[in-house]
Every structure is written in C-alpha cells, then in structure tokens.
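Asks: Dropping a prediction and its sequence here:
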Amino acid sequence: MKNVNFFSSFVIGLILVGLAIIALLIVACWKIYIKVGKPGWASIIPFYDIIVLLEIVGKPTWWIIWLLIPGVNIVVGIWVTNLLSLSFGKKVGFTFGLIFLGIIFYPMLAFGDAKYQGPAGKKRVSEVQV
C-alpha cells in the first residue's frame, strides 16, 4: 500500500511539473509574438500560430504545406527555428539552444533583451550594407 501512494504521488508530481513547463512555454511564445508586434493570442491557436510564425520569419504562408509532410517537416521546422533566431539577431548556436533546450532558450528569447530585427534579421543585414 505504501508503494501505491508513493507511485501516485510521483505521477501527480510529474503531471504538475509537465503542466508548469507547458505554461512557461505558452507564456514565452505569447511574449515573443508580442515583441514582434503580433497578437499574443495568435501563439495558442493551432495552425494560425504557424502562419503567424512564417510571417515573422519572412516565409510565405504556403510553407505550412511543407510542415505537413512527414520527414520534410523536421527539416523545415529546424530551418524556421533558425530563421526565428536570426530574426532576433541571434546566431546558429542560439538555434541549437532553441531546438535542444527550448525550455531555457524560448524564455530567454521572450524575456531577454533580444529585439526583433525584421524577418530573418533583415534590418541587421541592411545596416551592414549601408
């Protein structure tokens, strides 16, 4: 009987930690969308959040089709994540952080001092050329 109580407490604890992580990532994505000038609620609407994300990184809406094809969606998802990183003036290393340690890097992007520089960092590129 003691083992059952421990197991159920452990499972409830895992569920609560999981819900806290999900809440943190929702708030972080909401804040990222607000930083860009998009409505925060757009980050929680399925499919529409992807359309807005594609706008943020400067890719056409029809790219959502690539995200529906198994296998291709992984490559395109990594590419879009890299473009998001570049849009905030970050480098490829930050992209790896977003992919592998998203629970840390998405809140860093949302609540840190990163500024949106245009789709895939176009402002930064144009400033260098001038």
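Replies: Happy to help now that I have it. Numbering: from 1, shown residues only.
Asks: switch to C-alpha atoms for all contacts and neighbour counts from now on
Replies: OK.
Asks: buried sites along stretch 56-71?
Replies: Neighbour counts over stretch 56-71 (16 or more other CA atoms under 10 Å) mark 56-59, 64, 67 as buried.
Asks: In CSV, list these along with secondary structure, distance to Leu14 and pLDDT.
Replies: Output for those, formatted as CSV (DSSP: H, G, I helix; E, B strand; the rest coil; distance: CA to CA, whole Å; pLDDT from 0 to 100):
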residue, secondary structure, distance to Leu14, pLDDT
Ile56, helix, 34, 94
Val57, helix, 34, 94
Gly58, coil, 38, 93
Lys59, coil, 37, 94
Ile64, helix, 33, 94
Leu67, helix, 30, 92
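Asks: Show me what the longest helix along the chain is packed up against.
Replies: Taking DSSP state H as the criterion, the chain has its longest helix at helix 2-36. For helix 2-36, the packing partners by 3 or more CA pairs under 8 Å, 6 or more residues apart in numbering; DSSP states H and E come out as helix 102-111.
Asks: Could I get the average pLDDT for the helix it packs on?
Replies: Mean pLDDT, computed over helix 102-111, is 95.
Asks: Could you figure out how far it is turned away from helix 2-36?
Replies: For helix 102-111 against helix 2-36, the angle by axes from the mean of the first three to the mean of the last three CA atoms, to 10 degrees is 30 degrees.
Asks: any residues touching helix 102-111, and which ones?
Replies: Helix 102-111 has contacts (CA atoms under 8 Å, 6 or more residues apart in numbering) with 21, 24-25, 28-29, 31-32, 35, 88, 94, 97-98.
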